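In: next comes the sequence, and after it the predicted model I'd like to discuss.
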Amino acid sequence: MSDEQITRNAAAIAQRELAELVSRTSGSKALFERAIRSMPGGVASSFQLGDPYPIYLERGVGPRVWDVDGHEYFDFHNGFGTMAAGHAHPVVAEAIETAARNGVHFAVTVERTVALAEEMCRRFKVDQVRFTNSGTESNMTAIRVARAATGRDVIAKIEGSYHGHVDQLMYSVLPGADVMGGRDAPAATPKSKGVPAAMADWIRVVPFNDAAAVQRLFEVEGDKIAALIMEPVMMNIGIVLPQPGYLEAVRELCTKHGVVLIFDEVKCGGTIAAGGAAERFGVQPDLSSWAKSIGGGTAIGAFGGKAEIMDQINQGAAHQGTYNGNPLSVAAAYATLTKVLTADAYEHLGHLGARLAAGLGKAIEEYGIPANVVDLGCKGCVTYRREPLTNYRDFLETNTQIYEASYPWMINRGVFMTPGDEEQWTLSVQHTDEVIDRYVDAFAEFCAALSA
């Protein structure tokens, strides 16, 4: 069957499945109508928006969640990559309960904060870390420290990447084709209203998987650039893997030109390997940032790296935060990293990811769907393009209509997914083969319907 016919079928499926989704989620609709009176969009974060309204959840245990209408789902959303431990993990829950009974906040460093810092340094092979409350804060402060260490102001970033909603990094984040500039000279266009136009003077943009573009930029402006911040695996347009030799070449160029290399591991740190991307790909940055799954579901982030760079905090580079390293989040994070996300856990996640990818790949091949699968153990995605992505501009070629049909189809069959084709799934240590097979079966039925 032609791709054009598959796309037409997808449009019909989307219309039918969305109507079914609306008919079975009256509780979410009612809560949305209540929520929009007190919150813009009826949600706590714009990432949580849904069409025509979001699905509101009530609780989660293990690999399952329940919405306010009482429907049960297997959870492959997992908090946008936060819940690698799964929901209400007994070890994490016990740590949180103990912390709650002994004081959730002092604005004073406690012993467990020191222990967590030691574990982070060991696990990610860095000299020192500092704690924050989110990935945005981690990246924001890593940028400041890099600027202090180099005495330079300009930041380089990857085209299409998202590093949090701080003004200085909200550039070239999912730009439209009409504003992204040429392939050899991507434009620094703001993602949000309210960002000062002059901020663009301090941003340079290069494509992912293009070390030659980094070299060209550094040869012209290397003495102005404080840092290159990048996800070592792009994870806001599905998943884009680094091509062989790319990260190594970037590492060499940053060293040569005195540019601080920052790995944004907010999504991949602690998920794709025990030591994150630095372990999986064997390339060590100067600074890294972490959040999401390191906290077992609590609000925590961190950044860290070489001692001589982190020492800038002692030399006047500001890093504050009343809730940084608070006992509640620290207790959950320490339990997660030392007792839940263990070596055995990554073997289990690797097994589950391979099983899921194999099942989805088989269905894609059998029914001739224009799609491909990426497997990184805990993380993975289906991208509706026949060839794997290598950069942001490839993502613009994906078939969004197939995704728009897949989302309500999977939700209606008890598989809870992220609301957006730029996202991906997150597995948890509490997922099982049964959970994986539910996803595979529902997806195979979807592929069959697309090709009918």
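Out: Happy to help now that I have it. Numbers count the residues shown, from 1 in each chain.

In: quick one, strands of the stretch 351-452 of the chain?
Out: 372-376, 379-383, 415-416, 425-426 (DSSP state E, counting those that start in this stretch).

In: distance to Ser2 added to these, as TSV?
Out: (C-beta placed from N, C-alpha, C; glycine too.) Putting the strands of the stretch 351-452 of the chain into TSV (distance: least, C-beta to C-beta, whole Å) gives the following:
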stretch	distance to Ser2
strand 372-376	18
strand 379-383	19
strand 415-416	28
strand 425-426	28
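
In: mean neighbour count added to those strands, as JSON lines?
Out: Output for those, formatted as JSON lines (neighbours: other C-beta atoms under 10 Å):
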{"stretch": "strand 372-376", "mean neighbour count": "20"}
{"stretch": "strand 379-383", "mean neighbour count": "24"}
{"stretch": "strand 415-416", "mean neighbour count": "23"}
{"stretch": "strand 425-426", "mean neighbour count": "24"}
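
In: quick check: longest helix of this structure.
Out: Longest helix of the chain, by residue count under DSSP state H: helix 343-367.

In: so which elements touch that helix?
Out: strand 372-376, strand 379-383, helix 433-450 (3 or more C-beta pairs under 8 Å, 6 or more residues apart in numbering; DSSP states H and E).

In: Ser329: which of the ones you listed is closest?
Out: strand 379-383 (22.3 Å; C-beta to C-beta).

In: run through who's touching that closest one.
Out: 81, 235, 238-239, 267-268, 271-272, 353, 356-357, 360, 364, 371-374, 389, 395, 398, 406, 423-427, 443 (C-beta atoms under 8 Å, 6 or more residues apart in numbering).

In: list the neighbouring strands of that strand plus their orientation.
Out: strand 372-376 (antiparallel), strand 425-426 (antiparallel) (DSSP bridges).

In: out of these, nearest to Val179?
Out: strand 372-376 (27.3 Å).

In: mind putting the strands paired with strand 379-383 into CSV with distance to Gln284?
Out: CSV is the format used below for these (distance: least, C-beta to C-beta, whole Å):
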stretch, distance to Gln284
strand 372-376, 19
strand 425-426, 25
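
In: how many residues are close by Asp178?
Out: Asp178: 6 surrounding residues under other C-beta atoms under 10 Å.

In: mind telling me what element it is part of?
Out: Here Asp178, judged by DSSP states H and E, is contained in no helix and no strand.

In: do you know how far it is from Ala291?
Out: To Ala291, Asp178 is 32 Å away according to C-beta to C-beta, to the nearest Å.

In: ok, Gly41 next?
Out: Gly41 is 23 Å from Ala291, by C-beta to C-beta.

In: of the two, who's got more company?
Out: Ala291 (28 against 15).

In: surely the more buried one meets Val266?
Out: Yes: contact status for Ala291 versus Val266: in contact at 4.5 Å, counting by C-beta atoms under 8 Å.

In: need the residues touching each of these two.
Out: With C-beta under 8 Å, 6+ apart as the test, Ala291 and Val266 both reach Gly135, Ser138, Gly301.

In: most neighbours of all the residues you listed, which one?
Out: That'd be Ser138 among the shared contacts of Ala291 and Val266, by other C-beta under 10 Å, with 31 neighbours.

In: just confirm that residue is within a strand.
Out: No: using DSSP: H, G, I helix; E, B strand; the rest coil, the assignment for Ser138 is helix, not a strand.

In: got the contact list for it?
Out: Thr132, Gly164, Val266, Ser289, Trp290, Ala291, Gly301, Ala302, Phe303.

In: out of those, which one has the weakest pLDDT?
Out: The lowest pLDDT within the contacts of Ser138 belongs to Gly164, which sits at 94.

In: about what we covered before: in strands, which of the contacts of Ser138 fall?
Out: Thr132, Ser289, Trp290, Gly301, Ala302, Phe303 (DSSP state E).

In: in CSV, list those residues along with distance to Ala277.
Out: Below are the ones in strands among the contacts of Ser138 laid out as CSV (distance: C-beta to C-beta, whole Å):
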residue, distance to Ala277
Thr132, 19
Ser289, 11
Trp290, 11
Gly301, 16
Ala302, 15
Phe303, 15
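
In: would you check that Gln430 makes contact with Val91?
Out: No: with contact defined as C-beta under 8 Å, Gln430 does not count as touching Val91 (11.0 Å).

In: who has more neighbours out of those two?
Out: Between Gln430 and Val91, counting by other C-beta under 10 Å, Gln430 is the more crowded of the two (21 against 15).
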